[in-house]
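**Student:** mind looking at a prediction? Sequence and model below.
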Amino acid sequence: MVCLSAKALLLAAGCLPQLVHSAGLDTSAVALGKLYFGTATDNPELTDTAYVTQLNNTDDFGQITPGNSQKWDATEPSQNTFTFTNGDVIADLAEANGQKLRCHNLVWYNQLPSWVSSGTWTNATLLAAMKNHITNVVTHYKGQCYAWDVVNEGLADDGTYRDNIFYQYIGEAYIPIAFATAAAADPDVKLYYNDYNIEYAGAKSTAAQNIVKLIKSYGAKIDGVGLQGHFIVGSTPSQSSQASNMAAFAALGVEVAITELDIRMTLPSTDALLAQQKTDYAGTVAACAQTSACVGVTIWDWTDKYSWVPSTFSGQGAACPWDENLVKKPAYTGILTALGGTATSTSTASGSSTTTSTSTSTGSSSVAQQYGQCGGSGWTGATTCVSGTTCTYFNDWYSQCL
Ligand SMILES: O[C@@H]1[C@@H](O)[C@H](O[C@@H]2CO[C@@H](O[C@@H]3CO[C@@H](O[C@@H]4CO[C@@H](O)[C@H](O)[C@H]4O)[C@H](O)[C@H]3O)[C@H](O)[C@H]2O)OC[C@H]1O
């Protein structure tokens, strides 16, 4: 009775307190049978204490990816001089937290040091330089990575090979040779081809499937295909198209992962855009959730504060599930619901009229509670509580499984 009175006081004050234990994104993903839910991060952000506190929250993040510090320009700035300092900071953080590390990346046309991109090469010298780079970097991180993105973005959008320096001097063989070199350096790490605009059926996805076949035809190992998932609010491919595309890769005997998910919008953000973003995140994560070959989802950083989007796509941003003040956006709930996770409400600002729908994973069962928050829109649906709890109505617009 005292408890309900306290709640009534808080409700009257226009603020709903956190009331139930929350299972986060990784906990929910693992409960579904996935290996992880994770996020990219980067070294400059690690001086931000509030940021790091959430990055270390293994309830949400069971995996991290270094956004820049394992790339070629970071690891081999001068030929045969290797620098692992920044990459090690993130690898050590993952190890300290017990988070999986997706290692990113070995061979990419972008973020190359000038000695590679502007060097004078022959087939033999570039091949030797590429193999030396892969061998040294993979050996350094041996045993620390769940997976390596061995070749990143080797395709143009029309499905032809990207005309990068490796293709120019080595031809398509640079791809299987890169995979074979990585496998020789660490036979246990998963080896991925990673690209964007291969998340749905089309010429580029077909070409990526052909890369899987090519690598195997050389007798080399490929374990997975990374679907980057840099999407646009309202133009995100449907759940069904993403799931059927994942199935096409799985049919080739490889796993898949969503490796760089973010869903950007033209700024400024509005409630309508945030609601659509929630739907888009939910559909994408649900495609992975329903596909047994999809091992996990990585968002390309978790907060708008450090997203790469505004500096890359002029006038666009707000692409992450947390805003620039590190506050969860509707997208967070969309992801959690898609993962069938146990959800909760956190304190909400007075005057907000958001209706939140949450769910608890009990195999295939779903809705655990629905409510209107802080002057919200009223009771919105039936409640099925997990075993051992019952639906308790506090008033006509708020209920909870207790
Ligand atoms: O600090 C940042 C890093 O975060 C950044 O990481 C890379 C970001 O994504 C990957 O490469 C980009 C993928 O998206 C391409 O643009 C797409 C063009 O087609 C559109 O349909 C699609 O929506 C777009 O996303 C970019 O052109 C790629 O660069 C890459 O794997 C990450 O490493 O790297 C730059 C740093 O400054």
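**Tutor:** In hand now; what should we look at? Here the structure is a predicted model, which is why all the values come from computation and not from measurement. Numbers count the residues shown, from 1 in each chain.
**Student:** need the contact list for the residue of the stretch 1-150 of the chain found nearest the ligand.
**Tutor:** At 4.0 Å from the ligand, residue 67 is the closest residue in the stretch 1-150 of the chain, using Cβ to the nearest ligand atom. From N, CA and C alone the C-beta is placed, and that goes for glycine too. Shown here is residue 67, whose contacts under the criterion Cβ atoms under 8 Å, 6 or more residues apart in numbering are 40, 41, 42, 104, 300, 301, 308.
**Student:** ranges for the strands of the stretch 1-150 of the chain?
**Tutor:** 36-41, 63-66, 100-108, 147-152 (DSSP state E, counting those that start in this stretch).
**Student:** any buried residues in the last one, and which?
**Tutor:** What it means is strand 147-152. With burial defined by 16 or more other Cβ atoms under 10 Å, the residues of strand 147-152 counted as buried are 147, 148, 149, 150, 151, 152.
**Student:** contacting the ligand as well, which ones from the residues you listed?
**Tutor:** Residues shared between those and the neighbourhood of the ligand are residue 152 [Cβ under 6 Å from any ligand atom].
**Student:** burial of residue 206, as a residue count?
**Tutor:** As a burial measure, residue 206 scores 12 neighbours (other Cβ atoms under 10 Å).
**Student:** repeat that for residue 75.
**Tutor:** Using other Cβ under 10 Å, residue 75 has 22 neighbouring residues.
**Student:** per-residue confidence for residue 292?
**Tutor:** Here, the pLDDT recorded for residue 292 equals 97.
**Student:** residues in contact with it?
**Tutor:** By Cβ under 8 Å, 6+ apart, the residues touching residue 292 are 33, 250.
**Student:** and it, which helix or strand is it part of?
**Tutor:** Of the helices and strands defined by DSSP states H and E, none includes residue 292.
**Student:** hmm, back to that, check the buried residues of strand 147-152 against residue 96 and report the nearest one.
**Tutor:** The nearest member of these to residue 96, counting by Cβ to Cβ, is residue 147 at 19.7 Å.
**Student:** got the residues of the stretch 201-350 of the chain near the ligand?
**Tutor:** For the stretch 201-350 of the chain, the residues found near the ligand under the criterion Cβ under 6 Å from any ligand atom are 228, 230, 260, 308.
**Student:** of all the strands of the stretch 1-150 of the chain, which one is nearest residue 52?
**Tutor:** Among these, strand 36-41 comes nearest to residue 52, with 8.8 Å by Cβ to Cβ.
**Student:** now that closest one, how far from the centre of its chain.
**Tutor:** Per Cα atoms, centre = their mean, to the nearest Å, the displacement of strand 36-41 from the mean C-alpha position of its chain is 5 Å.
**Student:** what's the answer for stretch 213-231, then?
**Tutor:** On the basis of Cα atoms, centre = their mean, stretch 213-231 is displaced by 18 Å from the centre of the chain it belongs to.
**Student:** what about residue 32, how many residues close to it?
**Tutor:** Residue 32 has 17 neighbouring residues, counting by other Cβ under 10 Å.
**Student:** my read: it touches residue 339, true?
**Tutor:** Yes: with the criterion set as Cβ atoms under 8 Å, residue 32 and residue 339 qualify as a contacting pair; they are 5.8 Å apart.
**Student:** in the stretch 201-350 of the chain, what residue is nearest the ligand?
**Tutor:** Closest point on the stretch 201-350 of the chain to the ligand, by Cβ to the nearest ligand atom, is residue 230, at 3.0 Å.
**Student:** which pLDDT value belongs to that residue?
**Tutor:** With respect to pLDDT, residue 230 has a value of 98.
**Student:** wait, it touches residue 260, no?
**Tutor:** Yes: with contact defined as Cβ under 8 Å, residue 230 reaches residue 260; the gap is 6.1 Å.
**Student:** compare those two and say which is more crowded by neighbours.
**Tutor:** More neighbours surround residue 260 than the other of residue 230 and residue 260, with 26 against 18 (other Cβ under 10 Å).
**Student:** which of the strands of the stretch 1-150 of the chain is buried the deepest?
**Tutor:** Ranked by average neighbour count under the criterion mean count of other Cβ atoms under 10 Å, the strands of the stretch 1-150 of the chain are headed by strand 147-152 at a mean of 29.
**Student:** count of residues packed around residue 81?
**Tutor:** For residue 81, the neighbour count with other Cβ under 10 Å is 10.
**Student:** from residue 256, how far out is it?
**Tutor:** Applying Cβ to Cβ, to the nearest Å, the value for residue 81 to residue 256 is 35 Å.
**Student:** host element of residue 281?
**Tutor:** With elements delineated by DSSP H and E, residue 281 resides in helix 271-289, which encompasses its position.
**Student:** next SSE downstream of that helix?
**Tutor:** strand 294-299.
**Student:** got the CA positions of that next one in CSV?
**Tutor:** What follows is strand 294-299 as a C-alpha-only set of coordinates in CSV (Å, rounded to 0.1, in the frame of the first residue of the first chain):
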residue,chain,number,x,y,z
CYS,A,294,22.8,-14.6,-38.1
VAL,A,295,25.1,-14.7,-35.1
GLY,A,296,24.8,-11.1,-33.9
VAL,A,297,24.3,-7.4,-34.4
THR,A,298,26.8,-4.6,-34.0
ILE,A,299,25.7,-1.0,-34.0
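**Student:** okay, now the sheet partners of that strand, with direction.
**Tutor:** Looking at strand 294-299 with DSSP bridges, its paired strands and their directions are strand 36-41 (parallel), strand 255-266 (parallel).
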